[in-house]
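*Asks:* Have a look; sequence and predicted model below, questions after that.
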Amino acid sequence: MSRALAVLLAPVVLAQAGRLRRATTTLPEPPGERLGGKGKLRLVVVGDSTAVGTGAESPQDALPGRLGKLLGARWRTVGGNGATAADVLRDHIDDAAGGPADVVAIVVGWNDAMRLRSGRAFARDLEHLIDRLRAASPLARLVLVAPPVFREFAVLPQPLRRALGAHAAGLTRIARRVAGERGVAFAPGSDGRTVAADGFHPDAEGYARMAAGVAESLGR
């Protein structure tokens, strides 16, 4: 029903989404190296714009740096702005799985929700992502970060907020189920309460909250 609501409201939602894109500041990913930190643990963060830290001033202030500090880990991040789970699987999985890791955080769902991708396709891509990453690092702890809580995003007008919120909630339930079936940890996604200049991506505080949620899911 979550995707059905979005499809039902599609004419209005698509018009609102178009206006929102034109009015919203487009932020690049933060400058700086996509690796850093100190420690014995090796952390890989793979996924969409929130994986690479869009909205923060540097990767150190974003999810990779914040989580790396909480875990005491050397980190690297792989992914790109606008990536769906399918895009990550196609374009970034070889890099993400290209070296050993002790902890892997998978951050997808923003763009799957925005593009109204089906739950079945999303689940399939998550399963393949998890399987590829686990095959590359069999002893690593994997954590799947939930899609954002779009129903809380003030930047989204109604009924766009309602439609995307419902669809993202549906994808979150699917992600939680896949995580349980694959035996990986599950962490909350962005709640949209503290955001960057675009009103959409997390700011430094928002990333700190996400990192704390991921660390908690890992029992750290």
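*Replies:* Arrived safely, thanks for sending.

*Asks:* Mind checking which residue lies nearest the centre of the protein?
*Replies:* For the chain, the residue nearest the mean C-alpha position is residue 107 (2.9 Å; CA atoms, centre = their mean).

*Asks:* Identify the bridge partners of the closest residue to that residue other than its chain neighbours.
*Replies:* Distance criterion CB to CB, 6 or more residues apart in numbering; nearest residue to residue 107, sequence neighbours excluded, is residue 47 at 3.3 Å. From N, CA and C alone the C-beta is placed, and that goes for glycine too. Assessed by DSSP bridges, residue 47 has beta-bridge partners residue 79, residue 107.

*Asks:* thinking again about what came up before, test my guess that the residue nearest to the centre of the chain contacts residue 53.
*Replies:* No - Residue 107 is not in contact with residue 53 according to CB atoms under 8 Å; the separation is 10.3 Å.

*Asks:* which residues are common contacts for these two?
*Replies:* Listed as contacting both residue 107 and residue 53 by CB atoms under 8 Å, 6 or more residues apart in numbering are residue 63.

*Asks:* contacts for stretch 176-186?
*Replies:* 123, 126-127, 130-131, 134, 141-144, 146, 175, 217-218.

*Asks:* and which of those is nearest residue 201?
*Replies:* Set against residue 201, the nearest of those by CB to CB is residue 146 (15.9 Å).

*Asks:* and that closest one, what does it touch?
*Replies:* Contacts for residue 146 (CB under 8 Å, 6+ apart) come out as 109, 172, 175, 176, 186, 187, 188, 189.

*Asks:* Look up how far residue 41 lies from it.
*Replies:* Distance of residue 146 to residue 41, computed by CB to CB, to the nearest Å: 23 Å.

*Asks:* cool, and residue 199?
*Replies:* Taking CB to CB as the measure, residue 199 falls 34 Å from residue 41.

*Asks:* Go through the contacts of residue 146 and say which is closest to residue 33.
*Replies:* Relative to residue 33, and with distances defined as CB to CB, the nearest of the contacts of residue 146 is residue 187, at 24.4 Å.

*Asks:* count of neighbours near that closest one?
*Replies:* By the measure other CB atoms under 10 Å, the count of residues near residue 187 is 22.

*Asks:* and if you look at residue 76?
*Replies:* Neighbour count of residue 76, defined by other CB under 10 Å: 23.

*Asks:* With residue 145 instead?
*Replies:* A count of nearby residues for residue 145, using other CB under 10 Å, gives 30.

*Asks:* same question, residue 59
*Replies:* 27.
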